[in-house]
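S.K.: Quick one: sequence plus predicted model below, questions after.
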Amino acid sequence: MRFAGGFALMLVFLAALSGATESPAYSVDDFAMGPVAPKIDLRTMLRRHMVRRSCEMLNAAAREREEAFRNGNWQAWRDQIREKVRAALGEMKFGPDGPPLNVRAVSRFERKGYVVENVLFESLPGWDVNGSVYLPDAKTFPPPWPAIVVPVGHSCKQRVDYQTPAQVFARCGYVALTFDPPGMAGEKSEGNDHFSDGVRCYLTGHSSNRYFVIDALRCIDYLATRADVDMGRGIGMTGVSGGGMTTMFATLLDDRIRASGPSCCAVPNARHPVLDVYAPCVETLAPRRFADGYDDVDVLAAAIPTPVLLMAGAKDEVFKGEWSGEIAETVRRCFDEGGHRDRFDYFSDPGGHAYTIEMALQFVRWMDKWVRNTPDRVVPVLAKNDFELDPPEILACHPRLDRNIFTVNRDMAVDLAKHRGAISVAEAAKRVVNAVTPTPVPRVRQGERTLIWFHYLEELMIESDSDIELPATIVYPAREGWKGGAVLYFDDRGRWPDLRRQGPLANITGFADQNTNGPAILTVDLRGWGDTQSADMPYDVAGWADRSRWMAYVSAALGDPVLAMRIRDGLSSLAYLRTRAGIDPGKIIIGGKGMGAVVAFHVAAIDGNAAGAFGIDGLAAFQELATSNDYAWSHEDFMTDVLRYYDLPDIVRAVKGPVLIVNPLNAQKTPLDKEAAALLYSPTDTVCVETPSDANAAGSRVAEFVRRIVAK
């Protein structure tokens, strides 16, 4: 019994001992470090924002079009669409107003059933069109002949999609004139890359589509000089893909086009390239295209009363057959309500993305009806075996290459620099970045404050727009009642690279100094940077694709370049920082690195109340992107319209406080030398330009600049 009692006491003792040493219940639920949890997926945030706005604009355009046709006001609507297209393309002179063509014959070849004549003429002064003219057999079809212009798409005139239809037209009694577009795989590649050179046109405020369309319009001018061409009833124009796009736009500008046949090129823009997130060709998305309200359906409907035969491939891999059928029904309804039902038709070929023999024969029938006035003529039956492609040398014209998209736009940029200054730089910047109204203080969600030695660090989420969240980090002295200055910082690599491992931003705060008086640092991931960098999408596997291209071109079509959005994000971040307890609003310095420096200078100039501004490794001038033979910057950095109003040196001079520019970079991201930097920025008592030899020296110079301002 004594043993049993002792055992019971032992159990009580062990239980008490166990209770005294019980382990704490740690849990991941206690983990609160790191960024504030977003309400939306940051990986798709920017793309979804742009898709939403694009769809809203395109839906509004559809409502406006439908109302115009329903109320019988379609002619005024049509004229407005045409005027917006003209404005986006910029000055183009053709017809009676066109400059001399300076025609030069190149070669002539007798072929089976047709003749090819190669010719050069100018669409713009010094800019050659390399035309190949397919003439009918004069014995079978005595001249003069009606004519068809066949713009080439993103290819070259030697390819089957252009040789075959041109031969079909010649064998059916029509002159066919085809030519290489700028760039692509033809004879006009140098300086005409429709991506890298086309995006430069955004800087000067026009669409690179200008160079595709003017060539087609000047082809009509050339045909009008030929005695063997019958211009009495006008001409036809037809092309596939990019050639179809050229056809659509040219039809709105020249009433000499009496029959239009775009192929494999027209679908609702909301479906492509918006919702499918396909990186399109830059010339298809003119500045403000969505904002101005002209979808592909609007371009087609605005052709009324010109007869339009829309064609498509049922198995088209990009301009999907069902989408083409969808747009065809809408256009048909517009022609019907406009009183021209018979002037629109739609042909769906069973093939894919190609201009087929049957498409060419369909367009011959369309020409017979509307131009030749022989609607009952029997069209020959032709098949693939009836054609033999001419070797490339037969179609060669050897055009001059010194005038191209790059050189023409370069000269335009240089000329614009001579005529700026009608309004103040700050006001101009507000217009360019769509910040003409005061920036409201955004909602901000704060994470838990963490003590890191002598500072507090907080993660934030700044809601700069209804569907945009900006992860941010703020560091400030951990002293009771601290009040002092702050640095607002933007970095195109993200908010942490210059903060981590006691980087330059940490050093500016006096991170290791127990008695530091700051300044505080607020570093922000602007949309598309850092944690909000956009995820890749399915079509990004294509060789020509890149998310920066989709971002740049679609945002330009919105009339709101992605760089402008980031500048407004910067203004929103500044509005928040000014309201934060402990921050002296009179001692806020705005700085940035890379394109973050460009954002910082814009924010400081537009706001007008910054204590100072600095930039490290930033783009030296937008003019650099327009005038350099090549560049290393993202397409997102080409801000629409900017060179019409100002350049970055102007923005720097518009900042009211002191400015430090460290290692400004040229188009190739190479630092300017000291003399070139001084010449560009014309340093003054308030603007200092430095070109230190290494990153440590640059960081030290910035820290000195900031502390001097904060200490005042």
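M.R.: Good, I have the coordinates. Note that the structure is a prediction, hence the values are computed from the model and not measured.
S.K.: Let me see the domain layout of this protein.
M.R.: 70-415, 439-710 (automatic domain parsing).
S.K.: now the residue minimising distance to the centre of the chain, what's its secondary structure?
M.R.: Of all residues in the chain, the one closest to the mean position by C-alpha atoms, centre = their mean is Tyr553, 1.8 Å from it. Classification of Tyr553 using DSSP: H, G, I helix; E, B strand; the rest coil returns helix.
S.K.: just to revisit the earlier point, distance to Ala422 and mean pLDDT for the domains of the chain - can I get that in JSON lines?
M.R.: (Glycine included, C-beta is placed from N, CA and C.) Conversion of these to JSON lines gives the following (distance: least, C-beta to C-beta, whole Å; pLDDT from 0 to 100):
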{"stretch": "domain 70-415", "distance to Ala422": "14", "mean pLDDT": "96"}
{"stretch": "domain 439-710", "distance to Ala422": "8", "mean pLDDT": "95"}
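S.K.: Let me have those in TSV, adding distance to Met33 as columns.
M.R.: Output for the domains of the chain, formatted as TSV (distance: least, C-beta to C-beta, whole Å):
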stretch	distance to Met33
domain 70-415	33
domain 439-710	7
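S.K.: Skipping its backbone neighbours, what lies nearest the residue nearest to the centre of the chain in space?
M.R.: Leu285 (4.4 Å; C-beta to C-beta, 6 or more residues apart in numbering).
S.K.: Please report the distance of the one you found from Val554.
M.R.: 7 Å (C-beta to C-beta, to the nearest Å).
S.K.: before we move on, what about Pro471?
M.R.: From Pro471 to Val554 the distance is 23 Å (C-beta to C-beta).
S.K.: go on, Leu120?
M.R.: To Val554, Leu120 is 36 Å away according to C-beta to C-beta.
S.K.: More neighbours: those two, which one.
M.R.: Val554 (26 against 20; other C-beta atoms under 10 Å).
S.K.: Could you say which helix or strand holds the nearest residue to that one once chain neighbours are set aside?
M.R.: Spatial nearest neighbour of Val554, chain neighbours left out: Met50 (5.4 Å); criterion: C-beta to C-beta, 6+ apart. Counting by DSSP states H and E, the element that carries Met50 is helix 45-70.
S.K.: Give me the buried positions along the helix or strand where Gly586 lies.
M.R.: Using DSSP H and E, Gly586 sits within strand 583-593. Residues of strand 583-593 classed as buried under the neighbour-count rule (16 or more other C-beta atoms under 10 Å) are Ile583, Asp584, Lys587, Ile588, Ile589, Ile590, Gly591, Gly592, Lys593.
S.K.: re the thing from before, figure out which of the domains of the chain is closest to Glu427.
M.R.: Of all the domains of the chain, it is domain 439-710 that lies closest to Glu427, at 9.1 Å by C-beta to C-beta.
S.K.: ok, and what's touching stretch 537-546?
M.R.: Outside stretch 537-546, the residues within contact range by C-beta atoms under 8 Å, 6 or more residues apart in numbering are Arg47, Phe195, Asp276, Val277, Tyr278, Ala279, Arg547, Trp550, His635.
S.K.: and Trp482, helix, strand or coil?
M.R.: Under three-state DSSP, the three-state class of Trp482 is coil.
S.K.: Ok, the one 4 residues further on next?
M.R.: Using three-state DSSP, the secondary structure recorded for Ala486 is strand.
S.K.: Measure how far the helix holding Met50 is from the centre of its chain, please.
M.R.: 18 Å (C-alpha atoms, centre = their mean, to the nearest Å).
S.K.: by contact count, what packs against it?
M.R.: Contact partners of helix 45-70 among helices and strands, from 3 or more C-beta pairs under 8 Å, 6 or more residues apart in numbering; DSSP states H and E: helix 74-89, helix 289-292, helix 296-301, helix 321-337, strand 468-477, helix 547-557.
S.K.: Including distance to Ala605, could those go into CSV?
M.R.: Below are those laid out as CSV (distance: least, C-beta to C-beta, whole Å):
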stretch, distance to Ala605
helix 74-89, 28
helix 289-292, 24
helix 296-301, 37
helix 321-337, 44
strand 468-477, 21
helix 547-557, 21
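S.K.: quick one: which of these is nearest Gln163?
M.R.: Nearest of the helices and strands packed on helix 45-70 to Gln163, taken as C-beta to C-beta: helix 321-337 at 24.1 Å.
S.K.: where does the nearest residue to Gly95 once chain neighbours are set aside fall, phi/psi-wise?
M.R.: Nearest non-adjacent residue to Gly95, counting by C-beta to C-beta, 6+ apart: Asp221, 6.5 Å away. Reported as degrees, to the nearest 10, the phi and psi values for Asp221 are phi -60, psi -40.
S.K.: Please give me every residue in contact with Asp221.
M.R.: Phe94, Gly95, Gly98, Leu101.
S.K.: ok, which pair from the residues you listed is furthest apart?
M.R.: Spanning the widest gap among the contacts of Asp221 are Gly95 and Leu101, at 11.7 Å by C-beta to C-beta.
S.K.: Compare these two and say which one has the larger neighbour count.
M.R.: A count of neighbours by other C-beta under 10 Å puts Leu101 above the other of Gly95 and Leu101, at 17 against 14.
S.K.: which residues in the stretch 201-350 of the chain form strands?
M.R.: 235-240, 257-263, 308-313, 344-349 (DSSP state E, counting those that start in this stretch).
S.K.: I'd guessed Arg701 sits against Ser693; true?
M.R.: No - if you go by C-beta atoms under 8 Å, Arg701 and Ser693 don't touch, sitting 11.2 Å apart.
S.K.: of the two, who's got more company?
M.R.: For the pair Arg701 and Ser693, the greater number of neighbours falls to Arg701 (18 against 9), based on other C-beta under 10 Å.
S.K.: The more buried one looks like it's in a helix, true?
M.R.: Yes - under three-state DSSP, Arg701 falls within a helix.
S.K.: Contacts only, for it.
M.R.: Going by C-beta under 8 Å, 6+ apart, Arg701 touches Leu660, Val662, Glu690, Pro692.
S.K.: what residues are up against Ala620?
M.R.: Here Ala620 is in contact with Leu648, Pro649, Pro664, Leu665, Asn666, Leu672, Ala677, Leu680 (criterion: C-beta under 8 Å, 6+ apart).
S.K.: Could you find the closest non-adjacent residue to it?
M.R.: Among residues not flanking Ala620 along the chain, Pro664 sits closest, at 3.8 Å (C-beta to C-beta, 6+ apart).
S.K.: And that neighbour, how close does it get to Val687?
M.R.: Distance from Pro664 to Val687, counting by C-beta to C-beta: 12 Å.
S.K.: and for those two, which residues touch both?
M.R.: Common neighbours of Pro664 and Val687 (C-beta under 8 Å, 6+ apart) are Tyr681.
S.K.: Of the two, which one has the most company?
M.R.: Under the neighbour definition other C-beta under 10 Å, Pro664 and Val687 were set side by side, and Pro664 has more, 26 against 17.
S.K.: surely that one meets Gly615?
M.R.: Yes - counting by C-beta under 8 Å, Pro664 touches Gly615, with 7.5 Å between them.
S.K.: Buried residues, the helix or strand where Glu704 lies. List them.
M.R.: Element membership of Glu704 [criterion: DSSP H and E] is helix 695-710. For helix 695-710, burial by neighbour count (16+ other C-beta under 10 Å) applies to Ala698, Gly699, Arg701, Val702, Ala703, Phe705, Val706, Arg707, Ile709, Val710.
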